[in-house]
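K.L.:
quick check, what structure comes out for this input:
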Amino acid sequence: MEAIKKITNRLWNDEAGFIVSLELILIATIVVIGMITGLATVRNAVVQELSDVAGAVQDINQSYTFNSAAGPISNTAGSVFVDTMDSPSDGAGDPFAQSDNGIVFDGIPTAEVNF
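P.N.:
Alright, predicted model coming up:
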């Protein structure tokens, strides 16, 4: 038990390799700012990829048609469905590597306040 107490006291009083608190605050601040910037970039990339998936689903043409069929005893009428554009921003000429489908990154969200 005495040996553990000695080791604990030695570790408690050891100052070799200790990071000064000012340096620790500076490093932590830089890391946090970097993480915020990185997370905002990841958020924009995820939204853009989800927008690309939505655009791909919108571009699926669901149109169909079949003609009437008649047999000796029964018949059926034909049918047709023409898929139209889902929104005005939906189209084949969507810009590459940019969000489409009405999604716009306009900078700072309105809930944030600049000082």
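
K.L.:
what's around residue 49, how many residues?
P.N.:
11 (other CB atoms under 10 Å). Every residue, glycine included, has its C-beta placed from N, CA and C.

K.L.:
that one and residue 80, how far apart?
P.N.:
35 Å (CB to CB, to the nearest Å).

K.L.:
ditto for residue 13
P.N.:
Applying CB to CB, the value for residue 13 to residue 80 is 87 Å.

K.L.:
same thing with residue 64?
P.N.:
7 Å.

K.L.:
now residue 41
P.N.:
From residue 41 to residue 80 the distance is 46 Å (CB to CB).

K.L.:
please apply the same query to residue 26.
P.N.:
Distance, residue 26 to residue 80, by CB to CB: 69 Å.

K.L.:
can you confirm residue 84 is in a helix?
P.N.:
No - read with DSSP: H, G, I helix; E, B strand; the rest coil, residue 84 is coil and lies in no helix.
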